[in-house]
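K.L.:
fold the following for me, if possible:
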Amino acid sequence: MSAWSRFKISFGAGVLCALSVSVTSAAAQTVKVGMVVGVSGPGADIGESMVRGADLYLALHSKDLPSGTKVELIKRDDGSNPDRTKRLAQELVVRDKVQLLTGVTLSPQALTIAPVSTEAKVPTLIMNATTGALTRSSPYFVRFSYANWQMAYTMGAWAAKHDIKSAYTLVADYAAGHDMESGFKRGFEDNGGTIVGSDRTPMGTTDYLPAMARIKAASPKSLFVFTLSGAPSIATMKAFRDSGLQAAGVQLLSTAQNVSDQQLPQTGPASVGMINSAVYIATDSRPSAKAFLAAYQKAYGQNAYPDLPAVAAWNSMEAVFGIIKKHGANFTSDQAMGVLKNWKSPNTPAGPIAIDPVTRDIVHEVSLAKIQKVGDKYENVAFDVVKDVKDPWKLVNPEK
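P.N.:
Okay, the predicted model is just below:
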């Protein structure tokens, strides 16, 4: 059985029931939204989170649409394979006649969709792919997740300003990993820090002990890591502990999606003390975050914790509904882009967000947090926040 089939079977029965009731109408005008996402292959954990977040929003809010209107979310699993991503996006546009595209697990897949979105003039709401340059690859791309430098540069700048003067970087060897590496380095070095070494590892590897040996030999004060969510990130944390770097007092630095709240029980003591930058923390005390967590766990189980891709999917669907509420079901591409480029939402599960109309990229609050044991659980506990963070990469690399 495929990962996609297993996921559909395990999907919360309550959500399915609510969704079927809310969208059943013989006379309904249907807005078709194509979602290309990897729930198999590299990044499958990310893809499944996006599906959950999008489905949950539809289940709870379809009743808020104008009378006689429904949203049909047409999902396609690309296996995180860029060639398959492009083909599926083309099929959704040409055969299924979707008005919007969304999903997109990793940056290489997003780049293949860019010409499809541009040629067909189909707005694409990016729920995850995070490389800074992506929104420049198509005028119809709008990002609802985050840009890598928003968190990596912020983390590097904070570390250097707080007496962490040397660092080693360890990242997955693909576009987003390179982006995270350069963002952290720039923020760290801009504020007086020194990079003593860098390492890039295959995307799907779970063998990090050789890299940890090289890191240990370089004797850094800190280690910045960015690996794929799921098995790779869990293995990274355990290798950090098993290599003796944690016991030696090397400060582990990262971004929150590297070890999501859902994975904290699996990393356990290995990730305790990690300082990270975050635009969403599942245990955040703000009312919007608490309400989202309660709805998510009602749908998917009390041990399920949403992560940033789930929230980005939720926020993307809110923006889709915003288009329909303003222009109805038969909106044009220009009308949709007018809403998306100027989108603001003050009370998302991640706090206030806005889209920068010039870059079509998201503006976030970025929290600094530390993983701690709270009672009998491990939690990411915020201790500082930087407000209204635009993508620093675009400031450093202005469009020519």
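K.L.:
for residue 191, what are phi and psi?
P.N.:
Main-chain torsions, residue 191, degrees, to the nearest 10: phi -110, psi 20.
K.L.:
that one reaches residue 154, doesn't it?
P.N.:
No: counting by CB atoms under 8 Å, residue 191 stays clear of residue 154, with 11.0 Å between them. Glycine gets a C-beta too; all of them are placed from N, C-alpha and C.
K.L.:
ok, the two, which is more surrounded?
P.N.:
residue 154 (24 against 15; other CB atoms under 10 Å).
K.L.:
output the contacting helices and strands for the helix or strand that contains that one.
P.N.:
Assigned by DSSP states H and E, residue 154 belongs to helix 148-161. Counting contacts by 3 or more CB pairs under 8 Å, 6 or more residues apart in numbering; DSSP states H and E, helix 148-161 is packed against helix 175-190, strand 222-226, strand 251-255, strand 275-278, strand 361-374, strand 377-389, helix 392-396.
K.L.:
those: which one's closest to residue 146?
P.N.:
strand 361-374 (6.1 Å; CB to CB).
K.L.:
how far does the closest one sit from the chain's center?
P.N.:
13 Å (CA atoms, centre = their mean, to the nearest Å).
K.L.:
what's the angle from that strand to strand 377-389?
P.N.:
150 degrees (axes from the mean of the first three to the mean of the last three CA atoms, to 10 degrees).
K.L.:
now do strand 361-374, average pLDDT.
P.N.:
The average pLDDT for strand 361-374 rounds to 96.
K.L.:
which residue sits closest to residue 260, ignoring its sequence neighbours?
P.N.:
Closest residue in space to residue 260, ignoring its immediate chain neighbours: residue 307 at 3.8 Å, by CB to CB, 6 or more residues apart in numbering.
K.L.:
what pLDDT does the model give the residue nearest to residue 98 when sequence neighbours are not counted?
P.N.:
If you skip the residues right next to it in sequence, residue 98 has residue 34 as its closest partner in space, 3.8 Å away by CB to CB, 6+ apart. As predicted, residue 34 sits at a pLDDT of 98.
K.L.:
which residues touch residue 34?
P.N.:
74, 76, 89, 92-93, 96, 98, 100-103 (CB atoms under 8 Å, 6 or more residues apart in numbering).
K.L.:
residue 144 now?
P.N.:
Residue 144 touches 125-127, 312, 315-316, 319, 353, 355, 362, counting by CB under 8 Å, 6+ apart.
K.L.:
dump the residue contacts of the spatially closest residue to it that is not a sequence neighbour.
P.N.:
Once flanking residues are discounted, residue 144 sits nearest to residue 316: 4.4 Å by CB to CB, 6+ apart. Taking CB under 8 Å, 6+ apart, we find residue 316 in contact with 54, 102, 125-127, 144.
K.L.:
now the longest helix seen in the chain: buried residues?
P.N.:
In the chain, assigned by DSSP state H, the helix with the most residues is helix 308-327. Counting neighbours by 16 or more other CB atoms under 10 Å, one finds that the buried residues in helix 308-327 are 308-324.
K.L.:
surely residue 372 meets residue 274?
P.N.:
No: if you go by CB under 8 Å, residue 372 and residue 274 don't touch, sitting 9.6 Å apart.
K.L.:
neighbour-wise, which of the two wins?
P.N.:
residue 274 (24 against 15).
K.L.:
so for that one, what's the pLDDT?
P.N.:
pLDDT at residue 274 comes out at 96.
K.L.:
output the lowest mean pLDDT helix or strand found in the protein.
P.N.:
Lowest by mean pLDDT, DSSP states H and E among the helices and strands of the chain is helix 13-23, with a mean of 43.
K.L.:
before we move on, the earlier item: mind checking which of the contacts of residue 316 land in helices?
P.N.:
residue 54.
K.L.:
the contacts of residue 316: which two are farthest apart?
P.N.:
The largest separation in the contacts of residue 316, counting by CB to CB, is between 54 and 126 at 12.8 Å.
K.L.:
who's more crowded, the two?
P.N.:
residue 54 (29 against 26).
K.L.:
nearest residue to the more buried one other than its sequence neighbours?
P.N.:
Per CB to CB, 6+ apart, closest to residue 54 is residue 313, 4.2 Å.
K.L.:
quick check: phi and psi at residue 353.
P.N.:
phi -130, psi 160.
K.L.:
confidence score at it?
P.N.:
Looking at residue 353, the pLDDT reads 98.
K.L.:
and it, what are its bridge partners?
P.N.:
residue 345 (DSSP bridges).
K.L.:
got it, and residue 371?
P.N.:
residue 380.
K.L.:
so it makes contact with residue 377?
P.N.:
No: if you go by CB under 8 Å, residue 371 and residue 377 don't touch, sitting 10.9 Å apart.
K.L.:
those two: which has the busier surroundings?
P.N.:
Between residue 371 and residue 377, residue 371 has the larger neighbour count (other CB under 10 Å), namely 26 against 11.
K.L.:
list the contacts for the more buried one?
P.N.:
259, 264, 271-274, 276, 378-381.
K.L.:
cool, and residue 133?
P.N.:
393, 397.
K.L.:
just the pLDDT at it, thanks.
P.N.:
93.
K.L.:
now it: how far from residue 396?
P.N.:
12 Å (CB to CB, to the nearest Å).
K.L.:
ditto for residue 59
P.N.:
Taking CB to CB, one finds residue 59 at 41 Å from residue 396.
K.L.:
who has more neighbours out of those two?
P.N.:
residue 59 (22 against 14).
K.L.:
which strand or helix spans the more buried one?
P.N.:
helix 44-61.
K.L.:
what residues sit buried inside that helix?
P.N.:
Quick answer for helix 44-61 (16+ other CB under 10 Å): 44-60.
K.L.:
the inter-axis angle of the helix or strand just after it versus helix 308-327?
P.N.:
Going down the chain from helix 44-61, the next helix or strand is strand 69-77, by DSSP H and E. Counting by the same axes, to 10 degrees, strand 69-77 lies at 150 degrees to helix 308-327.
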